[in-house]
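A.B. asks: give me the fold of what follows.
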Amino acid sequence: MTPTPELRRIHLHLPRVRLMSVNEMLRTNEHARAKSRDHLCGKLAYELAKTGQRPATPLRYVEIDVVLWTPYPFDVDSKVGACKFLLDSLTRPKSNLELVRQAQRQKRGLFIPLGVIHDDTDGEFGLGGCVRRLTVVQEMAQSHSLTLTLQEVLP
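C.D. replies: So this is what the prediction gives:
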């Protein structure tokens, strides 16, 4: 009998982090969206380093739970769509060319995927992707914050 592999779990709380809704993404220019994405990626990198939870290798199959704490409610589509930059930040670079571009962008302080998860492809309903389940819940609060849990699962 083979031993069950150790499944990794990452749990982060990001205070004062506000995700852009889908409507905001559509209304803002490219530079404002990039700035918001870069800010979120920086916050994630900081929390991963501070808590020592950044994995040495990307998680291959994950279930992701996100709790958005907001002073006003999102629409259903905005609630899930707001996680786009979050998922983009968690993925790994897709090729060696991207790794080169990543080094160039890092020198300018721009967005770099963190390599926490293998990719952001859909794995629900047997599709074979990395993200086996994405659950987004919103809670009403006085200020914005975000709680993120990634649980590695077996294929």
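A.B. asks: looking at the protein, which helix is longest?
C.D. replies: For the chain, the longest helix by residue count, based on DSSP state H, is helix 30-51.
A.B. asks: report all helices and strands that that helix contacts.
C.D. replies: Helix 30-51 sits against strand 9-15, helix 84-90, with contacts defined as 3 or more C-beta pairs under 8 Å, 6 or more residues apart in numbering; DSSP states H and E. Heads up, the C-betas are built off the backbone N, CA and C, glycines and all.
A.B. asks: which strands or helices does the next helix or strand after that helix pack on?
C.D. replies: Helices and strands here follow DSSP states H and E; after helix 30-51, the next one along the chain is strand 62-70. Applying 3+ C-beta pairs under 8 Å, 6+ apart, one finds that strand 62-70 contacts strand 131-140, strand 145-152.
A.B. asks: can you pull out the low-pLDDT segments for this structure?
C.D. replies: 1-4, 94-112 (pLDDT under 70).
A.B. asks: between the two ends of stretch 64-78, how far is it?
C.D. replies: One end of stretch 64-78 to the other measures 17 Å (C-alpha to C-alpha, to the nearest Å).
A.B. asks: may I see the buried residues of it?
C.D. replies: By neighbour count on 16 or more other C-beta atoms under 10 Å, the buried set for stretch 64-78 is Ile64, Val66, Val67, Leu68, Trp69, Thr70, Phe74, Ser78.
A.B. asks: try stretch 81-98
C.D. replies: Gly81, Ala82, Cys83, Lys84, Phe85, Leu86, Leu87, Ser89, Leu90, Thr91, Arg92, Pro93.
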